[in-house]
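A.B. asks: coordinates only, sequence not included:
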């Protein structure tokens, strides 16, 4: 959900640095210490617009914001050093590779002659110059539960679970449609009364009409503005919400809709592997919003006064694999996308996607194992339902455990999301959590990055936290290329800065109830936040062993 909330940073916050306490030696004449905060972290000042646009790069000590200390790492640890290029695979909805702030950061297949219609490198994909699009011209898709329910009832537990979830989701979507229509009606009434589309909270006080409909709309919009804050844009955000609900009913939950037919393959046959095309942003570039934003978080050009800054820029090349539609991805596409990225040199793969059901999960498991053999780290978003994904009913696929407990590979790291306010509410309420299946947290709320057609936008979700972590992984692999994928995963986890001892997890079902904080040990395996500075110190030490 792309909206900006006002800063709510507590004046004092306790910081405990978990991980290594010993002095680590960086490649300078002065020994560098891991980041350790005083017991009281005092808020320096309100967050400026520039800080908001790049808060994930800031530092808890220097800036009083729980970012990943990327700026500090670059100036204090990497100044004057030269890293090597790292290819990062973006398995997502597509990337606008023509974006002004991604120029020079896009992977090019040097074995392929552009536009000649020939598979020059004989990998089965014609003219795959900047990656591959496994969805072809498809855009919209069903949710996986819809696809399962469309098939005959086979009496399986999976079918029963899918049917139950589908019924609940469909009823929820109908309710949301009614809510979206009411919000739009309030907004349209105010627009007509004020005779303008763009209005603010203070404009509402100028309304003097005694019309009951106008008064009701005024009351509703006053409440919404008060809760949402001064940057709230009703025209943009109500339209976005209405479109989302409409697409759920029209495509995601519509059992009569077939979004796959246009692709032309058999999604039930993993051997039918050569399909799609080389247009990596898809048939509608605007629909590559999600993937373009993810790519920007990792790779947008640093210091050019455009958008934000990429965590690993300029030492990365983005390899785009389009495999995530507006709806749930197919297991086959994800499995083949991972293999394609691995085969074309990716050392880090970001997966900002997930779903509740995975009929062909073994195909994806095999692809994960293939990536492990090739020393490729897969960074995966934990999901945005505010659920404990250790519970079987809440599994977020793809995962790296067949029984939701024991990992079968050591190259997958699962990322939850935090916001910019260090304190017991630092874990984003939408973020999934779990002390077994979430590894570590990273900035994921109000992240500013590239979107199609040379635009920029704030988006939030574990989809944004994952590429923040992937960017740090790419930094490590750039400057310490001898470290293996499993070692990079360990570094990201062990070097993190600790969450507060007590945190609020998930969203309360009753908005009138005050959320209850629990031990941060319940949040994830580490109860930590990714920190680039500490990670690079640990990488330096580990690389010398």
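C.D. replies: Arrived safely, thanks for sending. Because the structure is a prediction, the values reported are computed rather than measured.

A.B. asks: On the pLDDT front, check the most centrally placed residue in the chain for me.
C.D. replies: Centroid-nearest residue in the chain, with Cα atoms, centre = their mean: residue 463, separated by 1.1 Å. pLDDT for residue 463: 98.

A.B. asks: which one is it nearest to, not counting chain neighbours?
C.D. replies: residue 352 (3.7 Å; Cβ to Cβ, 6 or more residues apart in numbering). For every residue, glycine as well, the C-beta is placed using N, CA and C.

A.B. asks: For the one you found, the count of nearby residues, please.
C.D. replies: 27 (other Cβ atoms under 10 Å).

A.B. asks: looking at it, it is touching residue 92, isn't it?
C.D. replies: Yes. With contact defined as Cβ atoms under 8 Å, residue 352 counts as touching residue 92 (6.1 Å).

A.B. asks: Just give me the neighbour total for residue 206.
C.D. replies: Residue 206 has 9 neighbours, counted by other Cβ under 10 Å.

A.B. asks: Show the model's pLDDT score for it.
C.D. replies: 95.

A.B. asks: Next up, the contacts around it.
C.D. replies: residue 194 (Cβ atoms under 8 Å, 6 or more residues apart in numbering).

A.B. asks: any idea how far it lies from residue 313?
C.D. replies: 46 Å (Cβ to Cβ, to the nearest Å).

A.B. asks: do the same with residue 203
C.D. replies: 40 Å.

A.B. asks: So which of the two has more stuff around it?
C.D. replies: More neighbours surround residue 313 than the other of residue 203 and residue 313, with 22 against 15 (other Cβ under 10 Å).

A.B. asks: State the distance from that one to residue 471.
C.D. replies: From residue 313 to residue 471 the distance is 8 Å (Cβ to Cβ).

A.B. asks: residues shared between the contacts of these two?
C.D. replies: Shared contacts of residue 313 and residue 471, defined by Cβ under 8 Å, 6+ apart, are found at 298, 299.

A.B. asks: Now the element after the lowest-mean-pLDDT helix or strand in the chain, going C-ward?
C.D. replies: Of all regular secondary-structure elements in the chain, judged by mean pLDDT, DSSP states H and E, the least confident is helix 49-53 with a mean of 85. Heading C-terminal from helix 49-53, the first helix or strand you meet, by DSSP states H and E, is helix 60-63.

A.B. asks: Can you mark which positions in that next one are buried?
C.D. replies: Neighbour-count burial for helix 60-63 flags 60, 61, 63 (criterion: 16 or more other Cβ atoms under 10 Å).

A.B. asks: quick one: the strands in this protein?
C.D. replies: 86-92, 131-133, 316-322, 348-351, 377-381, 412-418, 440-443, 447-451, 455-459, 497-498, 502-503, 518-519, 528-529 (DSSP state E).

A.B. asks: and these as TSV, adding mean neighbour count and mean pLDDT?
C.D. replies: TSV is the format used below for the strands of the chain (neighbours: other Cβ atoms under 10 Å; pLDDT from 0 to 100):
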stretch	mean neighbour count	mean pLDDT
strand 86-92	27	98
strand 131-133	29	98
strand 316-322	28	98
strand 348-351	31	98
strand 377-381	29	98
strand 412-418	29	98
strand 440-443	30	98
strand 447-451	27	97
strand 455-459	18	95
strand 497-498	22	94
strand 502-503	18	94
strand 518-519	14	96
strand 528-529	26	96
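
A.B. asks: do you know which of these lies nearest residue 244?
C.D. replies: strand 455-459 (13.1 Å; Cβ to Cβ).

A.B. asks: thinking again about what came up before, ok now the least confident helix or strand of the chain, how far from the chain's centre?
C.D. replies: Taking Cα atoms, centre = their mean, to the nearest Å, one finds helix 49-53 lying 19 Å from the centre of the chain it belongs to.

A.B. asks: again with stretch 292-305
C.D. replies: With Cα atoms, centre = their mean, you get 14 Å for stretch 292-305.

A.B. asks: Okay, buried residues for that stretch please.
C.D. replies: Here stretch 292-305 shows 292, 293, 294, 295, 296, 297, 298, 299, 300, 301, 302 as buried, counting by 16+ other Cβ under 10 Å.

A.B. asks: Contact partners for the fifth one?
C.D. replies: With Cβ under 8 Å, 6+ apart as the criterion, the residues that contact residue 296 are 99, 101, 102, 307, 308, 310, 449, 450, 451, 456.

A.B. asks: Pretty sure residue 285 sits against residue 454.
C.D. replies: No. Counting by Cβ under 8 Å, residue 285 sits too far from residue 454 to count as a contact (10.9 Å).
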